[in-house]
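[1] just need the structure, nothing else, for what follows:
(one chain, ligands or ions: 3)
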Amino acid sequence: MVILIKNGTVVRSTGRRRADVLIRDGIIARIAPGIDAAADRVIDAEGCCIFAGFIDTHTHFDLDLGVTVTADNFETGTKAAIVGGTTAVLDFATQDRGMTMHDALDLWHKKAEKSSCNYGFHMAVSEWNDARKAEVDDMFRAGVSSFKMYMVYDAMKVTDGQIYDAQKFIAERGGVIGVHCENCDVLQARIAEEKAKGHLDPTAHPITRPQAVEAEGVARLMRIAELSGAPAWVVHLSTADGLNEVRAARKRGVEVYAETCPQYITLDVSQYAEPDGAKYVMSPPLREARDRAALLNGMQRGEIDFIGTDHCSFTMAQKAMGRDDFTKIPNGGAGVQNRAELVYTFAVCPGHITLEQMALLLSERAAKLFGMYPKKGVLRTGSDADVVIFDPNAKRTISWKTNLHACDNSPYEGIEVRGSVRDVILNGEQVVENGRLIAPYRGQYVFRNPCERYRK
Ligand code: URP
Ligand code: ZN
Ligand code: ZN
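    Ligands and ions are numbered 1, 2, ... in the order given. Presented below is the predicted three-dimensional model:
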């Protein structure tokens, strides 16, 4: 199969230029102006930007919380992902207590069988002991070079000492651990305070997890990494104060990778007071204008490494489990389809970042850290043909009704966005045309190499 994309502007982290892109048998064969070659399909990309396929570093599909399971599984979640220009998701395979990492990995491979975009797995671990350590080398052999640990959630929480030990152990093998940074004891104490006041609706959620709860967790992780000498990856960073801790640690020589999410540069804490405030209950919670400004500034200055969605969706009926108690609202929201258009609208259009930085944040750096570069994350001869044709002049309004994810709500409902993903090539085949998914279930497993620690 040969595809020729003509007349577009190829955007890479290093610059942009008008050029055609020739794809042959799943690989980028040539990028140059005025390519004249026989092709099975010619796509006119006049007026559009051509990006390397976007990589979502943070999704939770088919995640079983015990009390309920996420609304999106791989089938629905990856359909939403691919029409939004995400050609690979890195989902969190989750080793629940009493389970092995091997079990979790096998389970996630099964869950992902009907995927419409490519997929890899981070391994989220709820236990850290000799038995789990004995499995780590096999994870690398199976293409899993990144892990996650939580400072919170009763079912997943590990200790600081375990994070320290795991960081050393995994770094020696070329991996990295993402950590959910919040101070668990303090937020539990604040939950007790709000409950004692009878404050049980979703507006209590951000009060229990204010900026300092995250910043303390980030500061602690930074010190743990300073002691372990390992790289640290801060997942879903949401605050100015947390970013300041990352900056301070980098000044001390700590190797830190920072991920933020679209919700933390677009939405506001005041939204918990809306009638459907439960749909915004996620951890960390939505923040304030100063946090959004700091994160956008961090993106501009190259301090934020990549943007994942933390897509972890629940229907309003599931969210209603916490109607009388906000702590029972399942945490998380839908976002996997809307990342590129939100970043373009809220970060590129107002001039916070350039298109080149968008390429870096949505694709290239994730591909590097997570061991996929240069097959993925960059448009160059020899790379995998995962390609996004993005129309910067399109305008639309986000709604769960038109999104392909399975849940009946979106935190971005009603937001008008500029720029839209028009066409997507996945593994050398056009799978999205004019915003419509024309070839579902073409996703393949992405075997990942050890991390490219570009901040070392
Ligand atoms: O509220 C969230 N973010 N749910 C998903 C799990 C996590 O903490 O990443
Ligand atoms: Zn988390
Ligand atoms: Zn998450």
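
[2] what residues does the protein put near ligand 1?
    60, 180, 282, 283, 310, 312, 331, 332 (C-beta under 6 Å from any ligand atom). C-beta coordinates here come from the backbone N, C-alpha and C atoms, glycine included.

[3] try 5 Å this time
    180, 282, 283, 310, 312, 331, 332 (C-beta under 5 Å from any ligand atom).

[4] which residue lies nearest the spatial centre of the chain?
    residue 308 (1.9 Å; C-alpha atoms, centre = their mean).

[5] chain neighbours aside, what residue packs nearest to that residue?
    Excluding its sequence neighbours, the residue lying closest to residue 308 (C-beta to C-beta, 6 or more residues apart in numbering) is residue 58, at 2.8 Å.

[6] contacts only, for residue 247.
    Residue 247 sits next to residue 303 when contact means C-beta atoms under 8 Å, 6 or more residues apart in numbering.

[7] with ligand 1 as the reference, measure out to it.
    For residue 247, the distance to ligand 1 (C-beta to the nearest ligand atom, to the nearest Å) stands at 23 Å.

[8] how about whichever strand or helix holds that residue: buried residues?
    Here residue 247, judged by DSSP states H and E, is contained in helix 240-251. Neighbour-count burial for helix 240-251, counted by 16 or more other C-beta atoms under 10 Å, picks out 240, 241, 242, 243, 245, 246, 249.

[9] same thing with stretch 46-60?
    48-60.

[10] just to revisit the earlier point, can you check the pLDDT for the residue nearest to the centre of the chain?
    For residue 308, the pLDDT comes out at 98.

[11] can you give me phi and psi for it?
    phi -110, psi 160 (degrees, to the nearest 10).

[12] check contacts around it.
    Contacts of residue 308 (C-beta under 8 Å, 6+ apart): 56, 57, 58, 59, 90, 235, 236, 259, 261, 366.

[13] can you rerun that using 10 Å?
    55-59, 86, 89-90, 178, 235-236, 259-262, 335-336, 339, 362, 366 (C-beta atoms under 10 Å, 6 or more residues apart in numbering).

[14] show the buried residues in those residues.
    For the contacts of residue 308, buried by 16+ other C-beta under 10 Å: 55-59, 86, 89-90, 178, 235-236, 259-262, 335-336, 339, 362, 366.

[15] and those residues, which of them are in helices?
    339, 366 (DSSP state H).

[16] so which bits of the longest helix anywhere in the chain are buried?
    Across the chain, the longest stretch assigned as helix under DSSP H is helix 211-228. For helix 211-228, the neighbour count (16+ other C-beta under 10 Å) marks 211, 213-226, 228 as buried.

[17] hang on, the residue nearest to residue 308 packs against residue 91?
    Yes. Contact criterion C-beta atoms under 10 Å: residue 58 and residue 91 qualify, at 8.5 Å.

[18] got a pLDDT number for residue 126?
    At residue 126, pLDDT is 98.

[19] cool, residue 209 as well?
    Predicted confidence (pLDDT) for residue 209: 98.

[20] just to revisit the earlier point, can you redo the buried residues of stretch 46-60 as CSV with pLDDT and distance to residue 416?
    CSV is the format used below for those (pLDDT from 0 to 100; distance: C-beta to C-beta, whole Å):
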residue, pLDDT, distance to residue 416
48, 98, 20
49, 98, 20
50, 99, 24
51, 99, 22
52, 99, 27
53, 99, 25
54, 99, 21
55, 99, 26
56, 99, 22
57, 99, 26
58, 99, 25
59, 98, 25
60, 98, 27
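
[21] and of those, the nearest to ligand 1?
    residue 60 (5.3 Å; C-beta to the nearest ligand atom).

[22] quick one, what contacts the nearest residue to the closest one once chain neighbours are set aside?
    Distances taken as C-beta to C-beta, 6+ apart place residue 312 nearest to residue 60, at 4.0 Å, with adjacent residues excluded. The contact partners of residue 312, taken as C-beta under 10 Å, 6+ apart, are 58-61, 63, 65, 70-72, 77, 92, 282-283, 330-336.

[23] one more: residue 114?
    Here residue 114 is in contact with 73, 74, 75, 76, 78, 79, 440, 441, 443 (C-beta under 10 Å, 6+ apart).

[24] what strand or helix carries residue 97?
    Per DSSP H and E: nothing holds residue 97, as it lies in no helix or strand.

[25] cool, residue 264 as well?
    Remark: residue 264 resides in helix 263-266, with elements defined by DSSP H and E.

[26] now the angle from the helix or strand that that helix is followed by to helix 240-251?
    As assigned by DSSP H and E, the chain's next helix or strand after helix 263-266 is helix 289-300. In terms of direction (axes from the mean of the first three to the mean of the last three C-alpha atoms, to 10 degrees), helix 289-300 departs from helix 240-251 by 30 degrees.

[27] re earlier: from the buried residues of stretch 46-60, which ones fall inside strands?
    Of the buried residues of stretch 46-60, the ones assigned to strands by DSSP state E are 49, 50, 51, 52, 54, 55, 56, 57, 58, 59.

[28] just give the closest residue to residue 140, not the sequence neighbours.
    Nearest non-adjacent residue to residue 140 (C-beta to C-beta, 6+ apart): residue 173, at 5.7 Å.

[29] I'd say residue 411 and residue 272 touch.
    No. Using C-beta under 10 Å, residue 411 is not in contact with residue 272, being 11.1 Å away.

[30] excluding sequence neighbours, find me the nearest residue to residue 304.
    Using C-beta to C-beta, 6+ apart, the closest residue to residue 304 is residue 298 (4.6 Å).

[31] and residue 85, by the same measure?
    Per C-beta to C-beta, 6+ apart, closest to residue 85 is residue 421, 3.8 Å.

[32] list the contacts for the one you found?
    Per C-beta under 10 Å, 6+ apart, neighbours of residue 421: 48, 51, 54, 82-86, 337-341, 344, 388-391, 394, 432, 435.

[33] so it sits in a strand?
    Yes. Per DSSP: H, G, I helix; E, B strand; the rest coil, residue 421 lies within a strand segment.

[34] and it, how far from ligand 1?
    Taking C-beta to the nearest ligand atom, one finds residue 421 at 24 Å from ligand 1.

[35] state the distance from that residue to residue 308.
    Relative to residue 308, residue 421 is positioned 17 Å away (C-beta to C-beta, to the nearest Å).
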